[in-house]
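1. structure for this input, please:
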Amino acid sequence: MPFSNAISDFRVPFSKSRFLQVISLIFAVSWGYTLLETSDYANWILENVLVLGFLGYLIFTHKKRQFSDLSYLLIFIYLCLHIYGAMHTYAENPFGYWLMDTLDLARNHYDRIVHFAFGFLLAYPMRELFLVQLGFQPWVGWALPIEITLSVSGLYELIEWAVADIFFKAQGSAYLGTQGDIWDAQKDMFLATLGAILATSIVSSLKKALTIN
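-> As a prediction, this is how the structure comes out:
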């Protein structure tokens with residue numbers, strides 16, 4: 001069975017999809033590993049609450065609203081980036097420190113990478129949801145992923161503020177990971193939105209080049 005994308009006219013049930021089974025197993029093992037190896041269990045739990053909710057949505061709506069293999073792959077990559085950040089806390093991420101040393105950066109930028117990836121990797125699944133699963137007009141598939149990315153990014157920053165300043169003050173600095181940057185929230189929102197804009201622009205360019213729907 002070929003690899004499906006948003007415009008494919010077929011979907012394979014989970015029970016018959018070796019691709020979904022493999023990436024699900026890889027993610028489950030990776031997720032468990034990050035829990036066992038985390039340096040901050042309380043922060044790991046806070047960072048993964050939304051992951052649990054998102055996975056619950058994908059699982060319980062799978063039969064009714066199944067995404068393409070490409071969308072599931074993009075979601076898988078994003079979630080792997082996120083749980084890797086949660087394992088060490090974003091501000092203390094080893095890969096971010098490696099980039100910091102290699103490129104002589106002033107801070108650990110792993111959180112910036114994941115915020116950009118949020119928009120860049122999830123814009124395509126959002127577009128598929130609106131066009132293929134919900135049957136919206138084509139222009140919605142270009143506009144809403146960008147608008148929702150910006151809105152969700154803003155909502156997430158509010159959640160971070162509430163968690164760090166109201167509910168779990170002891171985990172505040174680890175959860176926020178601002179690293180002393182007073183414009184951290186605004187930069188995170190900008191990078192996520194930029195990622196969504198780039199992703200939709202790439203899909204639009206490919207659509208025109210290949211004359212596909």
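
2. any stretches of this protein with poor pLDDT?
-> Within the chain, the stretches with pLDDT under 70 are 1, 163-181, 211-213.

3. the same query, at a cut-off of 90, please.
-> Low-confidence segments of the chain, defined by pLDDT under 90: 1-2, 5-13, 39-47, 49-50, 62-65, 88-93, 105-109, 131-142, 153-188, 204-213.

4. all helices of it, in order?
-> Using DSSP state H, the helices found in the chain span residues 18-37, 41-60, 69-88, 94-102, 110-128, 138-162, 172-176, 184-210.

5. for the last one, what is the distance to the chain centroid?
-> In terms of C-alpha atoms, centre = their mean, to the nearest Å, the centre of helix 184-210 is found 13 Å from the chain centre.

6. picking up where we left off before, pick the most deeply packed of the helices of the chain.
-> Counting by mean count of other C-beta atoms under 10 Å, helix 110-128 has the highest mean neighbour count of the helices of the chain, with a mean of 23. C-beta coordinates here come from the backbone N, C-alpha and C atoms, glycine included.

7. any chance of a markdown table for the helices of the chain, columns distance to residue 2?
-> Formatted as a markdown table, the helices of the chain follow (distance: least, C-beta to C-beta, whole Å):
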| stretch | distance to residue 2 |
| --- | --- |
| helix 18-37 | 11 |
| helix 41-60 | 22 |
| helix 69-88 | 9 |
| helix 94-102 | 33 |
| helix 110-128 | 17 |
| helix 138-162 | 23 |
| helix 172-176 | 42 |
| helix 184-210 | 16 |
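
8. which one of the ones you listed lies nearest to residue 4?
-> Across the helices of the chain, residue 4 has its closest neighbour in helix 69-88 (4.6 Å, C-beta to C-beta).

9. was I right about residue 66 contacting residue 10?
-> No - at 10.3 Å, residue 66 and residue 10 do not qualify as touching, with contact defined as C-beta atoms under 8 Å.
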